[in-house]
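Undergrad: sequence unknown, structure follows:
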């Protein structure tokens with residue numbers, strides 16, 4: 001394998017966070033050259049990186065003081081980029097593979113120094129497929145936070161009172177998506193996780209895949225809760241979805257739930273190393289389509305689906321909530337041990353509602369381990 005170069009911080013660059021499992025908010029340089037792993041980083045961070053098997057270089061090793069005098073009035077990012085450019089040359093890099101997220105300004109400067117850079121999405125996606133023990137621990141903690149958030153929603157729905165017009169209230173206060181979301185956020189925080197966005201949608205909102213949800217919840221309508229918290233220690237995500245109905249469940253919703261649960265169960269049963277995401281997606285479509293629901297597989301080109309199973313079956317989860325492998329029409333990658341995948345079958349009718357169930361699976365040597373333990377019941 002050739003040389004590798006990454007420039008970024010570990011809060012926004014999943015490629016960097018995979019190599020350096022420490023939260024660092026300022027950009028720095030990671031280089032693999034000559035079989036050795038190097039980082040060039042601010043001196044404040046040096047002690048935090050010891051013990052990771054790295055050659056650690058402070059910015060001072062490559063003339064940060066001189067660069068500071070040359071770039072008076074320039075932002076700190078320009079200073080760090082210039083010192084890192086010098087480091088790339090000094091470390092003997094002549095050609096390297098880089099992620100697609102490499103900043104253009106840094107790439108231009110490095111190339112102007114005579115270094116050949118090649119964007120290689122496949123390489124960097126592949127490096128992150130099999131999760132490290134540190135990442136798996138973080139995913140499990142994130143999943144525990146997700147289930148705590150789901151419990152907070154379920155318990156409040158279960159305790160709600162149904163009014164004369166079907167409106168829900170809790171302790172005399174209208175039960176809304178906003179009230180439920182506040183409970184979810186608190187549960188995340190108590191489990192060392194956070195999320196800037198997640199879904200607690202109901203009624204017609206639930207037919208819009210990632211509608212965040214808002215307003216008063218009513219009896220008889222589906223409440224779709226899709227949670228993807230990030231574990232703050234590791235930067236890793238989980239992802240899970242459940243659907244609830246308070247009160248009477250219509251025949252239509254019952255059919256949606258039964259089919260989604262069947263897909264979830266059967267796909268989990270056949271998932272294993274060597275099978276492709278498309279094969280899993282096709283299995284889901286083979287269940288939904290004979291039941292009369294359109295899919296991306298059956299729709300005409302250019303048509304946007306608003307009913308049926310209108311999205312993919314799932315995706316990889318790790319340092320990004322959506323990453324390789326993809327489980328859909330373009331899911332050509334074979335599953336490998338160490339993949340973590342979300343399986344999320346769903347059925348929807350525009351203007352009315354929807355049902356989605358989602359579990360998180362760890363691909364093992366022989367099959368999968370279900371990381372999600374939360375029950376599936378429609379009744380909270």
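TA: That came in fine, so what should we check first? Predicted, not measured: the structure shown is a model, and the values here were computed from it.
Undergrad: all contacts plus neighbour counts: C-alpha atoms, from now on.
TA: OK.
Undergrad: count of residues packed around residue 57?
TA: Using other Cα atoms under 10 Å, residue 57 is surrounded by 17 other residues.
Undergrad: with residue 311 instead?
TA: Residues near residue 311, counting by other Cα under 10 Å, number 17.
Undergrad: likewise for residue 282?
TA: Neighbours of residue 282 (other Cα under 10 Å): 19.
Undergrad: now find how far off-centre the helix or strand encompassing it is within its chain.
TA: Using DSSP states H and E, residue 282 maps to helix 277-288. Mean-position distance between helix 277-288 and its chain equals 21 Å (Cα atoms, centre = their mean, to the nearest Å).
Undergrad: repeat that for stretch 7-19.
TA: That offset, for stretch 7-19, works out to 15 Å (Cα atoms, centre = their mean).
Undergrad: neighbouring contacts of that stretch?
TA: 6, 20-30, 99, 101-103, 124, 128, 235, 319-320 (Cα atoms under 8 Å, 6 or more residues apart in numbering).
Undergrad: quick check: phi and psi on residue 193?
TA: Dihedral pair for residue 193: phi -130, psi 170, per degrees, to the nearest 10.
Undergrad: least confident secondary structure element in the protein?
TA: helix 64-70 (a mean of 92; mean pLDDT, DSSP states H and E).
Undergrad: and the residue lying closest to residue 9 once chain neighbours are set aside, how far from residue 37?
TA: Closest residue in space to residue 9, ignoring its immediate chain neighbours: residue 27 at 4.2 Å, by Cα to Cα, 6 or more residues apart in numbering. If you measure residue 27 against residue 37 using Cα to Cα, to the nearest Å, the figure is 17 Å.
Undergrad: could you do residue 325 as well?
TA: Distance from residue 325 to residue 37, by Cα to Cα: 27 Å.
Undergrad: just to revisit the earlier point, which of residue 27 and residue 37 has more neighbours?
TA: residue 27 (23 against 18).
Undergrad: follow-up on the earlier one: and the residue nearest to residue 9, what pLDDT?
TA: Listed pLDDT for residue 27 reads 96.
Undergrad: go ahead and confirm it touches residue 80.
TA: Yes - contact status for residue 27 versus residue 80: in contact at 7.4 Å, counting by Cα atoms under 8 Å.
Undergrad: what residues sit buried inside the helix with the most length in the chain?
TA: Counting by DSSP state H, the longest helix found in the chain is helix 133-158. By neighbour count on 16 or more other Cα atoms under 10 Å, the buried set for helix 133-158 is 135-154, 156-157.
Undergrad: ditto for stretch 58-68
TA: Neighbour-count burial for stretch 58-68 [16+ other Cα under 10 Å]: 58-59, 62, 64, 67-68.
Undergrad: please apply the same query to stretch 337-355.
TA: 337-350, 353-355.
Undergrad: what's the spacing between the longest helix of the chain and its chain's center?
TA: 14 Å.
Undergrad: for it, packing partners?
TA: Where contact means 3 or more Cα pairs under 8 Å, 6 or more residues apart in numbering; DSSP states H and E, helix 133-158 is packed against helix 177-190, strand 222-227, strand 230-231, strand 240-245.
Undergrad: tell me the helices and strands packed up against the first one.
TA: If contacts are counted by 3+ Cα pairs under 8 Å, 6+ apart, helix 177-190 sits against helix 133-158, strand 199-202.
Undergrad: what's the closest of the ones you listed to residue 120?
TA: helix 133-158 (22.5 Å; Cα to Cα).
Undergrad: the closest one vs strand 222-227, what angle?
TA: 150 degrees (axes from the mean of the first three to the mean of the last three Cα atoms, to 10 degrees).
Undergrad: next secondary structure after helix 133-158?
TA: Assigned by DSSP H and E, the successor of helix 133-158 is strand 161-162.
Undergrad: for that following strand, packing partners?
TA: strand 168-170.
Undergrad: which strands border the strand it packs on, and is each parallel or antiparallel?
TA: strand 161-162 (antiparallel), strand 173-174 (antiparallel) (DSSP bridges).
Undergrad: please state the offset of that strand from the chain centre?
TA: 32 Å.
Undergrad: most distant residue from the centre of this protein?
TA: residue 69 (41.5 Å; Cα atoms, centre = their mean).
Undergrad: indicate which one of the helices and strands packed on helix 133-158 is closest to residue 120.
TA: Using Cα to Cα, those put strand 230-231 closest to residue 120, at 26.3 Å.
Undergrad: what's the mean pLDDT across the closest one?
TA: Mean pLDDT, computed over strand 230-231, is 98.
Undergrad: ok, and what's touching that strand?
TA: Contacts with strand 230-231, where a contact means Cα under 8 Å, 6+ apart, come from 138-139, 141-142, 192-195, 236-238.
Undergrad: how many neighbours does residue 302 have?
TA: 6.
Undergrad: tell me how far it lies from residue 296.
TA: Counting by Cα to Cα - residue 302 and residue 296 are separated by 11 Å.
Undergrad: before we move on, what about residue 349?
TA: For residue 349 relative to residue 296 (Cα to Cα), the value is 15 Å.
Undergrad: care to break the protein down by domain?
TA: As given by automatic domain parsing, the domain ranges for the chain are 4-127, 133-370.
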